[in-house]
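# Here is a sequence with its predicted model. Questions after.
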Amino acid sequence: MPLMKIEDFYPSYNQDSEFSDLKHFDVYAQDDKVGSVYDILVDTETGQLRYFAVDTGFWVFGKKVLLPVGRTFIDRGDRRIYAMSMTKNQVESLPDYDKLEEIDYDYEEQVRGVYRSDATMGAATMGAATMPTYDRDSYNYDYDADLYHYNDQNQDSLKLYEERLVANKRREKTGEVSIGKHVETETQSVAVPVEKERIVIERSTPTSQSSAPGEARFQEGEIAHMDLYEETPDIRKEAFVREEVRVRKEIEQDTATAEETLRREELDIDSEGRPVVEKR
């Protein structure tokens, strides 16, 4: 049963196929990311999806392997494909998808053998009584329904969302205060008392008009000497610290409140009278 890449078999799958957005989905196993979808392979006889080609990236040194669609669960909301019971031992045992130009019966048998030997499948799957005898001409994918039958109805998921108030703070600049100084001028006057000396000449007439003989001596050039002093004002300007200004910030505490209407999705179950078991 020949296989073909989905874009070769169905060129317009990107526009109107239910699998149009699956390429490049992340692949997870045991809650760990193991790679991403590299290719999608389709059965050319039935048009049914058969394999996801998974690029394991650094998980197993970039090896590309085939993952049967029946061993997957697709979560479109998170753009993830969950591989059921995929292990590193399985990946290492699987043939490399990149090394073959054409996937033939022998290649698929090697892939099927690795997944059939999974211990989680149990003896019922591996037992000869449940597996028909077949060869390359008579094999049918229905023989391995657990590997190839992808039932989206049994694997759908529904996410319920609710809104919550998330309170955060952000710091915003609301103003700016600049403090500087400038020079103002004014005219002041000051009065300083000063003293200065002056010569006072007083003349008087003596009561006696005569001098004793020989007392009067007439001489030229006789001088009386006296120094004169006076005060002059000494006025200058000096700078003094008149006032000191300190600048600081204080934090005032306040509480801001907000009120919003929040929405929450609740599950509506219409079971048409049939019993439903809810598990959380």
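Yes, it's here.
# alpha carbons only for contacts and neighbour counts from here, please
Will do.
# In a helix, residue 36, correct?
No: with DSSP: H, G, I helix; E, B strand; the rest coil as the criterion, residue 36 is assigned strand and is not in a helix.
# which residues pair with it across the strands?
residue 26, residue 55 (DSSP bridges).
# For residue 54, see how far away it is.
6 Å (CA to CA, to the nearest Å).
# Mind listing the shared neighbours of the two?
Counting by CA atoms under 8 Å, 6 or more residues apart in numbering, the contacts common to residue 36 and residue 54 are residue 27.
# So which elements touch the helix or strand that residue 4 is a member of?
Taking DSSP states H and E as the criterion, residue 4 maps to strand 3-5. Applying 3 or more CA pairs under 8 Å, 6 or more residues apart in numbering; DSSP states H and E, we find strand 3-5 packed against strand 32-43.
# Distance from the strand it packs on to the middle of the chain?
30 Å (CA atoms, centre = their mean, to the nearest Å).
# and it, which residues are buried?
33, 34, 35, 36, 37, 38, 39, 40, 41, 42, 43 (16 or more other CA atoms under 10 Å).
# Can I get the residues you listed in a markdown table including pLDDT and distance to residue 86?
As requested, the buried residues of strand 32-43 are exported to a markdown table (pLDDT from 0 to 100; distance: CA to CA, whole Å):
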| residue | pLDDT | distance to residue 86 |
| --- | --- | --- |
| 33 | 90 | 11 |
| 34 | 91 | 9 |
| 35 | 91 | 12 |
| 36 | 92 | 14 |
| 37 | 92 | 14 |
| 38 | 88 | 17 |
| 39 | 89 | 18 |
| 40 | 90 | 18 |
| 41 | 90 | 19 |
| 42 | 88 | 21 |
| 43 | 89 | 23 |
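# got the contact list for the strand holding residue 4?
39, 40, 41, 42, 43, 44, 103.
# export the helix of greatest length in the chain as PDB, just CAs?
Counting by DSSP state H, the longest helix found in the chain is helix 105-116. C-alpha atoms of helix 105-116 as PDB (Å, rounded to 0.1, in the frame of the first residue of the first chain):
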ATOM      1  CA  TYR A 105       6.300  -2.900   2.900                       C
ATOM      2  CA  ASP A 106       9.500  -4.100   4.600                       C
ATOM      3  CA  TYR A 107      10.200  -0.600   6.000                       C
ATOM      4  CA  GLU A 108       6.600  -0.400   7.400                       C
ATOM      5  CA  GLU A 109       7.000  -3.900   8.900                       C
ATOM      6  CA  GLN A 110      10.100  -2.800  10.800                       C
ATOM      7  CA  VAL A 111       8.100   0.300  12.100                       C
ATOM      8  CA  ARG A 112       5.100  -1.900  13.100                       C
ATOM      9  CA  GLY A 113       7.400  -4.400  14.800                       C
ATOM     10  CA  VAL A 114       8.800  -1.700  17.100                       C
ATOM     11  CA  TYR A 115       5.400  -0.400  18.200                       C
ATOM     12  CA  ARG A 116       3.900  -3.900  18.500                       C
END
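# Check which helices and strands that helix sits against.
helix 88-93.
# The helix it packs on - contacts with which helices or strands?
Packed against helix 88-93 by the contact rule (3+ CA pairs under 8 Å, 6+ apart) you find helix 105-116.
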